[in-house]
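> Need a 3D model of the sequence below.
(one chain, ligands or ions: 1)
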Amino acid sequence: MTRDEQVSATREALLAAAERLFAERGVHAVGNRQISEAAGQGNNAAVSYHFGTKADLIRAIARKHAEQIERIRERMMADFADSTDLRDWVACLVRPLTEHLETLGSPTWYARFTAQVMADPALNAIMVDEAPTAAPVLQLFRDGLARPSAVEELLRYLNIVHNGRLRVATEDIEVAGQTVRAGEGLIMANEMGNRDPSAFPDNPDELDIRRDARRYVAFGFGVHQCMGQPLARMELQVVYGTLYRRIPTLKLATELDQVPFKVNGLVYGVHELPVTW
Ligand code: HEM
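Numbering: from 1, shown residues only. Here you go, the predicted model:
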């Protein structure tokens, strides 16, 4: 066995042992030393050496399975590529997991592990965070479900957070033909990115709720992009959807130019919005 094969076999053994022990005894009740022992590792520090923290270990278990589930989903989506039947697409969302669990046989430690982790508020976030990372097809699928959406265009057009992201270059980089030296500061004006004609060729300064507005940066971009964006999107979709369904006659109770806008704050919006119906 080469060194790489040995490392990979040790990692697999640790993952399998952790998954089983977490499922059997509960994630919080199991320590790294017990996992190392159960995986036949003499070295008590094997878990932290190979994975890092307990959260990293949970993430690694989730990722291993998510990759296998993703392959099933890819296959199903290729089969349904032209389908207009919503049930086919819902099947693509749900069945990859159940098929995967079936292949694992019984007892399915992963099912018990997932049930536990998803029910624990602190650990649940790791799984939610991990799923789209390991499953790009699922992410595409979710994006597809969220479109076409007026909310996306509103976020693009209004941008909302108007103070600019501040970044410092850690090494020399070239952006649009301009060299930025290591240590130099940059202000990322998201609101300008959202009106960039190369990203939104059709009149970016106009609000058009039928536009494909996916490439906007209202939630920032990169490792620090907004962590609350799925919640923010969902809230906006539910609020607008429900509001106009429940009160279809809702309208402004004053002239638009009388609405006091917040023009000099960090976050764009209105001070008040008198309405009638
Ligand atoms: C329409 C609503 C929202 C907008 C437009 C928005 C926008 C942003 C922007 C522009 C950033 C900075 C991204 C960057 O530096 O690249 C950010 C960061 C963040 N947002 Fe939001 N946000 C919204 C709602 C929320 C909600 C509802 C939550 C929490 C429940 C939230 C939590 C966060 C957190 C924790 C960060 C910091 C992420 C980090 O630094 O790694 N946001 N948001």
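
> measure stretch 194-206 end to end?
Start and end residues of stretch 194-206 are separated by 11 Å (C-alpha to C-alpha, to the nearest Å).

> How far away from the center of its chain is that stretch?
Relative to its parent chain, stretch 194-206 has a centroid offset of 25 Å by C-alpha atoms, centre = their mean, to the nearest Å.

> for stretch 37-50, same thing?
That offset, for stretch 37-50, works out to 31 Å (C-alpha atoms, centre = their mean).

> Contact partners for the closest residue to residue 218 other than its chain neighbours?
Leaving aside its chain neighbours, residue 218 sits nearest to residue 155 (4.3 Å; criterion: C-beta to C-beta, 6 or more residues apart in numbering). In short, each C-beta sits where N, CA and C put it, glycine included. When the contact criterion is C-beta atoms under 8 Å, 6 or more residues apart in numbering, the partners of residue 155 are 213, 216, 218, 219, 233, 236.

> any idea which of those is closest to residue 264?
residue 218 (19.1 Å; C-beta to C-beta).

> I'd like to know how many residues surround that closest one.
When neighbours are defined as other C-beta atoms under 10 Å, residue 218 has 23 of them.

> Could you double-check that it lies in contact with residue 194?
Yes. Between residue 218 and residue 194 there is a contact at 6.2 Å, judged by C-beta atoms under 8 Å.

> Next, show the common contact partners of those two.
In contact with both residue 218 and residue 194: 156, 159, using C-beta under 8 Å, 6+ apart.

> sorry, back to before: for the residue nearest to residue 218, grab phi and psi.
The phi/psi pair for residue 155 (degrees, to the nearest 10) reads phi -70, psi -40.

> Quickly note the distance from it to residue 255.
For residue 155, the distance to residue 255 equals 26 Å [C-beta to C-beta, to the nearest Å].

> residue ranges of the helices in the chain, please?
Here the chain has its helices, by DSSP state H, at 3-25, 32-38, 46-50, 54-79, 86-104, 109-119, 121-134, 136-146, 150-158, 190-193, 229-246.

> looking at the ones you listed, which has the lowest confidence?
Out of the helices of the chain, helix 136-146 stands lowest, with a mean of 59 (criterion: mean pLDDT).

> Among the helices of the chain, single out whichever gets nearest to residue 206.
Residue 206 lies closest to helix 150-158 among the helices of the chain, at 8.1 Å (C-beta to C-beta).

> Could you give me the buried positions within that closest one?
150, 151, 152, 153, 154, 155, 156, 157 (16 or more other C-beta atoms under 10 Å).

> what's the closest of those residues to residue 175?
Out of the buried residues of helix 150-158, the member with the shortest distance to residue 175 (by C-beta to C-beta) is residue 156, at 21.3 Å.

> For the closest one, list the residues it contacts.
Shown in contact with residue 156 (C-beta under 8 Å, 6+ apart): 194, 200, 211, 213, 216, 218.

> same check, this time on residue 60
Taking C-beta under 8 Å, 6+ apart, we find residue 60 in contact with 11, 15, 51.

> try 7 Å this time
15, 51 (C-beta atoms under 7 Å, 6 or more residues apart in numbering).

> Can I get the buried residues of helix 150-158 in JSON lines including distance to residue 270?
Output for the buried residues of helix 150-158, formatted as JSON lines (distance: C-beta to C-beta, whole Å):
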{"residue": "150", "distance to residue 270": "18"}
{"residue": "151", "distance to residue 270": "17"}
{"residue": "152", "distance to residue 270": "21"}
{"residue": "153", "distance to residue 270": "18"}
{"residue": "154", "distance to residue 270": "13"}
{"residue": "155", "distance to residue 270": "16"}
{"residue": "156", "distance to residue 270": "18"}
{"residue": "157", "distance to residue 270": "15"}
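
> Which positions in the chain make contact with the ligand?
Contact residues, the chain versus the ligand (C-beta under 6 Å from any ligand atom): 160-161, 165, 190, 218-222, 224-228, 231-232.

> what about the closest residue to residue 251 other than its chain neighbours, distance to residue 151?
Residue nearest to residue 251 in three dimensions, not counting chain neighbours: residue 276, with 6.2 Å by C-beta to C-beta, 6+ apart. The gap separating residue 276 from residue 151 is 24 Å, by C-beta to C-beta.

> thinking again about what came up before, of all the helices of the chain, which one is nearest residue 181?
Closest among the helices of the chain, once you apply C-beta to C-beta, is helix 190-193, at 22.1 Å.
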